[in-house]
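J.: 3D model of this:
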Amino acid sequence: YYFTLPSYYVLVMRSFVTLEGIAFAADPDFNMYTTSSPFALRRLLLPRTKTGKELLEQTLIERKETGPRLRLLSLLQGRLMYGKRSSKQNASGTARLLGIQPSARVRGV
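T.: Below is the predicted model:
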């Protein structure tokens, strides 16, 4: 299959690989992905533009008749179906791990 990438995307990837090589030469135990992941997560979860904020909200929050809910819990309910545990048990266990009440509603949205 033939596909193309935007030139700016290729430039970012090449820069990342170059920086990783330089850092690895200085310190073989250095891991560029571990080091850069907090920055990447911050950029992902704190968009700067109005469109970015709207897309993040659409991705993380679902609108239901009972009010807005975190989509994360619904996604986890669907992904954690295994063994003899029900999806409700899985979601409640996962929510406890995340420090969220399983029936928590999103406020102010």
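
J.: switch to C-alpha atoms for all contacts and neighbour counts from now on
T.: Fine.

J.: so where's this structure uncertain?
T.: 72-109 (pLDDT under 70).

J.: so where do the helices sit in it?
T.: Along the chain, counting by DSSP state H, helices occupy 7-26, 32-45, 50-60, 71-79, 87-98.

J.: which residues sit against the second one?
T.: Same thing as helix 32-45. With contact meaning CA atoms under 8 Å, 6 or more residues apart in numbering, helix 32-45 is reached by 20, 23, 56.

J.: how does it look with 7 Å?
T.: By CA atoms under 7 Å, 6 or more residues apart in numbering, the residues outside helix 32-45 that reach it are residue 20.

J.: next, the angle from it to helix 7-26.
T.: 140 degrees (axes from the mean of the first three to the mean of the last three CA atoms, to 10 degrees).

J.: so how far is residue 45 from residue 38?
T.: 11 Å (CA to CA, to the nearest Å).

J.: for residue 69, same thing?
T.: 17 Å.

J.: who's more crowded, these two?
T.: It is residue 69, of residue 69 and residue 45, that has more neighbours when counted by other CA atoms under 10 Å, with 20 against 12.

J.: what sits opposite that one in the beta ladder?
T.: residue 62, residue 105 (DSSP bridges).

J.: residue 62 is in contact with that one, correct?
T.: Yes: counting by CA atoms under 7 Å, residue 62 is a contact partner of residue 69 at 5.5 Å.

J.: care to break this structure down by domain?
T.: Residue ranges for the domains of the chain, per automatic domain parsing: 1-46, 47-109.

J.: list the buried ones in stretch 9-26?
T.: residue 20 (16 or more other CA atoms under 10 Å).

J.: what residues does it touch?
T.: 30, 32.

J.: could you rerun that using 10 Å?
T.: Residues outside stretch 9-26 that contact it (CA atoms under 10 Å, 6 or more residues apart in numbering) are 4, 7-8, 27-33.
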